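In: Give me a model of this one.
(chains A and B)
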Amino acid sequence: MLLRIDFHSEIPIYIQIKNQIIQGIAQNEIIEGEGLPSVRQLAEDIGINMHTVNKAYTLLKNDGFIKIDRRKGAVVNFNNNNISQEYMEQLREALMPIIAEAYCRGMTEADFNKICSEMFLKYKGGNINEQ
Amino acid sequence: MNSNLLFINNIIIIVFLFITGYIMPDITRKEIFFGVKVAEVYKDRNELWLLRKKYKRNYLISSGGISFIFLVLTYIDSNENILLIGVFSLIFSEFINFYIIHSVIKKLKKSERWNEGKNEVVVVDTKFRDNDNKRLLVSPAWFLISIMLVFINIIISLILYDKLPEAIPIRWTLDGHVMAIALKSYKLILMQPIRQLIIIIIMFLVYKTIGWAKQQIDPQNIETSREQNRLNRRRWSSLIVIICTIMSMIIVLVNFIVLGVIDINTKYISFMVIFPVVFIVGSILYMTIWTGQGGSRIRIAEVKKREEKHMDRDDDIYWKLGRFYYNPGDPAVFLEKRFGIGWTINFARPLAVILMAAILGGVLLIPLIIGML
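Out: The predicted model follows:
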């Protein structure tokens, strides 16, 4: 899969990496069992410090999206039944400012849900979650 | 005349340097103009075309003149030092010519603000080095041929040790007259195979660095630049293997002739010494023109539509004088040259600098040391 790293973004690079890999998994651009480059190689290709890539990989590992195999390196390994209490809290926290702003700007709940549905549909089309 | 062959050697080197400097603007990546990153939209500007012409004209006069002068000089006196000075003069002259144009385009880019408006990203393919579909580099097993040749060299030399002459020639003039001999010893016999092994190791390291080098995908031409980048590395890796193998073959052959294992007049040795030079220079030139820097001359149809909203991250500031990459924040050691063929190092990585200094030092000092022995 392709990663697009923006050096001038407000979003830290390690978050960009983490988010894009998760999206890649959602969109089936990278599949279960597929390998990711080593920390060193990815850091060299992007041109950033190895610690930054390491941070991203560690987050992905702790959140259950990849596992670090001793021989093969980082490998995509997720289970789609991964909704923890901690994740629910994180989700609410992330959504609060977004929904608050939408509400203040006058967006209806229906319109907001429509956007959410569109996105879910896009990922469902990749068939990783047959629900 | 033994200086004839040396002169041919010198001609090959000087002409090679001259030609590569002249065609360089046509060989570099399309998105990099004289060491400056230029977005797609500005590529066809008239100024660029004029600057390219100006470079070639300046180059013909300056480097052309220097080439001619040194061709004459080496014809008169085939001293290796004259060739060395000639080589460095050509390198320097090419750099000056490059830098003149580089400064102009850099200023133009800044004053017209070519940077602004687009989102700068670095595009990285996680599967770039996957060998599943097509190999990134040719198989490393090819180096086994060269290794086997070393062992054949050693084994046959050892088997025939007792039958070898007591006095073994170790230096010749170019038409085959022996200049110096040494007494037979196991150490002497093993010297050539060991040199051969060192060469193979160096070539193998070069082969590896071609794989390690930073992938540099153009966000405005993702599919194309990715394929070009991969194919480029594959081609050069195969050329490295071929050169390594041929050099090993020549070394074994020459060694056997010297030891009298093969009965051929030693005057053919000079041909065997010139041949690798011709082959290496010729094949590099061919590969250069055929493939272009980063594979820029490989034609690949753009499959997906172009991404217009992203442009490549502008890292001009890390390219000192437009040629030397210095970025302490980048862990990458090897990356593509901006104006030239092949790869260069990140000068901010101490290991890379030491490696390069060692190689250059070796190249310069070894002839000196051998001359003194």
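In: contacts, neighbours, all on C-alpha from now
Out: Fine.
In: Going by contacts, tell me the helices and strands next to the helix or strand of chain B with the lowest mean pLDDT.
Out: Ranked by mean pLDDT, DSSP states H and E, the weakest helix or strand in chain B is strand B:167-172, scoring a mean of 74. In terms of contacts (3 or more Cα pairs under 8 Å, 6 or more residues apart in numbering or on different chains; DSSP states H and E), strand B:167-172 is packed against strand B:178-183.
In: which strands and helices sit next to the strand it packs on?
Out: strand B:167-172.
In: which outside residues touch the strand it packs on?
Out: B:178-184, B:258-259 (Cα atoms under 8 Å, 6 or more residues apart in numbering or on different chains).
In: Output those residues as CSV; include the columns neighbour count, distance to B:A301 and pLDDT.
Out: Output for these, formatted as CSV (neighbours: other Cα atoms under 10 Å in any protein chain shown; distance: Cα to Cα, whole Å; pLDDT from 0 to 100):
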residue, neighbour count, distance to B:A301, pLDDT
B:V178, 15, 58, 73
B:M179, 10, 58, 73
B:A180, 12, 59, 77
B:I181, 13, 60, 79
B:A182, 12, 61, 78
B:L183, 12, 63, 80
B:K184, 17, 61, 79
B:V258, 20, 53, 77
B:L259, 22, 55, 78
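In: quick revisit: show me what the least confident helix or strand of chain B pairs with in its sheet, parallel or antiparallel.
Out: strand B:178-183 (antiparallel) (DSSP bridges).
In: what separates the partner strand from the chain centre, distance-wise?
Out: On the basis of Cα atoms, centre = their mean, to the nearest Å, strand B:178-183 sits 33 Å off its chain's mean C-alpha point.
In: Low-confidence stretches in the chain?
Out: Picked chain A for this. The model of chain A has pLDDT under 70 over residues A:126-131.
In: wrong one, chain B
Out: Ranges of chain B meeting pLDDT under 70: B:1-3, B:117, B:172-176, B:266-267, B:302-308, B:367-373.
In: For B:I76, see how far away the residue of chain A positioned farthest from its centre is.
Out: Within chain A, A:G106 marks the point farthest from the mean C-alpha position, 28.7 Å out by Cα atoms, centre = their mean. Distance check for A:G106 against B:I76: by Cα to Cα, to the nearest Å, it reads 88 Å.
In: And A:E44, by the same measure?
Out: For A:E44, the distance to B:I76 - Cα to Cα - is 49 Å.
In: which one of those two has more residues nearby?
Out: Between A:E44 and B:I76, counted using other Cα atoms under 10 Å in any protein chain shown, A:E44 has the larger neighbour count: 24 against 11.
In: State the helix or strand in which that one lies.
Out: Element membership of A:E44, judged by DSSP states H and E, is helix A:39-46.
In: residues in contact with the helix or strand following that helix?
Out: With elements assigned by DSSP H and E, the helix or strand that comes after helix A:39-46 is helix A:50-62. Helix A:50-62 is contacted from outside by A:13-15, A:17-18, A:39-40, A:42-44, A:66-68, A:74, B:331, using Cα under 8 Å, 6+ apart.
In: any bit of whatever helix or strand comes next after helix A:50-62 sitting next to chain B?
Out: Downstream of helix A:50-62, the first helix or strand assigned by DSSP H and E is strand A:66-69. No: Strand A:66-69 lies apart from chain B when judged by Cα under 8 Å from any Cα of the partner chain; the minimum separation is 14.1 Å.
In: quick one: B:M191 from chain A, how far?
Out: Separation of B:M191 from chain A (Cα to the nearest Cα, to the nearest Å): 38 Å.
In: helix, strand or coil for residue 107?
Out: You didn't pick a chain, so chain A it is. coil (DSSP: H, G, I helix; E, B strand; the rest coil).
In: just the strands in the chain please.
Out: Picked chain A for this. A:2-6, A:66-69, A:73-76 (DSSP state E).
In: that answer is for a different chain, and I need it for chain B
Out: B:32-33, B:36-37, B:119-125, B:167-172, B:178-183, B:310-312, B:319-320, B:324-325, B:334-336, B:343-345.
In: Which one of those lies nearest to A:S9?
Out: Of all these, it is strand B:119-125 that lies closest to A:S9, at 9.3 Å by Cα to Cα.
In: Which residues of chain A lie near chain B?
Out: A:1-8, A:36-37, A:40-50.
In: Pull out the CA atoms of the least confident helix or strand of chain B and give them to me as CSV.
Out: Presented in CSV, the C-alpha positions along strand B:167-172 are these (Å, rounded to 0.1, in the frame of the first residue of the first chain):
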residue,chain,number,x,y,z
ALA,B,167,60.5,-17.0,-10.6
ILE,B,168,57.1,-15.5,-11.3
PRO,B,169,56.7,-12.3,-13.2
ILE,B,170,54.6,-9.7,-11.3
ARG,B,171,54.8,-6.6,-13.5
TRP,B,172,54.9,-6.1,-17.3
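In: distance of A:N62 from A:N77?
Out: Counting by Cα to Cα - A:N62 and A:N77 are separated by 11 Å.
In: between these two, which one's more packed in?
Out: More crowded of A:N62 and A:N77, by other Cα under 10 Å: A:N77, with 18 against 10.
In: Hmm, A:K67 and that one touching each other?
Out: Yes: in this structure, A:N77 is within contact of A:K67 by Cα atoms under 8 Å, at 5.8 Å.
In: List the contacts of the closest residue to B:K56 other than its chain neighbours.
Out: In this structure, B:K56 finds its nearest non-sequential neighbour in B:Y22, 6.2 Å apart by Cα to Cα, 6 or more residues apart in numbering or on different chains. By Cα under 8 Å, 6+ apart, the contact list for B:Y22 reads B:56, B:59-60.
In: got a list of what B:L51 touches?
Out: B:I101 are the contacts of B:L51 under Cα under 8 Å, 6+ apart.
In: One more: B:T291?
Out: By Cα under 8 Å, 6+ apart, the contact set of B:T291 is B:232, B:297-298.
In: Tell me which of those fall in helices.
Out: B:N232 (DSSP state H).
In: Of the contacts of B:T291, which is the most crowded?
Out: Top of those by neighbour count (other Cα under 10 Å): B:N232, with 26 neighbours.
In: Any of the contacts of helix A:50-62 buried? List them.
Out: The neighbour-count criterion (16 or more other Cα atoms under 10 Å in any protein chain shown) marks A:13-14, A:17-18, A:39-40, A:42-44, A:66-68, A:74, B:331 among the contacts of helix A:50-62 as buried.
In: Let's have those in JSON lines, adding distance to B:V353.
Out: Output for the buried ones among the contacts of helix A:50-62, formatted as JSON lines (distance: Cα to Cα, whole Å):
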{"residue": "A:I13", "distance to B:V353": "28"}
{"residue": "A:Y14", "distance to B:V353": "29"}
{"residue": "A:I17", "distance to B:V353": "30"}
{"residue": "A:K18", "distance to B:V353": "33"}
{"residue": "A:V39", "distance to B:V353": "23"}
{"residue": "A:R40", "distance to B:V353": "19"}
{"residue": "A:L42", "distance to B:V353": "22"}
{"residue": "A:A43", "distance to B:V353": "20"}
{"residue": "A:E44", "distance to B:V353": "17"}
{"residue": "A:I66", "distance to B:V353": "36"}
{"residue": "A:K67", "distance to B:V353": "36"}
{"residue": "A:I68", "distance to B:V353": "33"}
{"residue": "A:A74", "distance to B:V353": "31"}
{"residue": "B:P331", "distance to B:V353": "13"}
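In: what's the closest of these to B:I154?
Out: Lowest distance from B:I154 to the buried ones among the contacts of helix A:50-62 (Cα to Cα) belongs to A:R40, with 39.3 Å.
In: are any of the residues of chain A next to chain B buried, and which?
Out: The neighbour count (16+ other Cα under 10 Å) marks A:1-7, A:36-37, A:40-50 as buried among the residues of chain A next to chain B.
In: Pull up the gap between B:M311 and B:V38, please.
Out: Distance from B:M311 to B:V38, by Cα to Cα: 10 Å.
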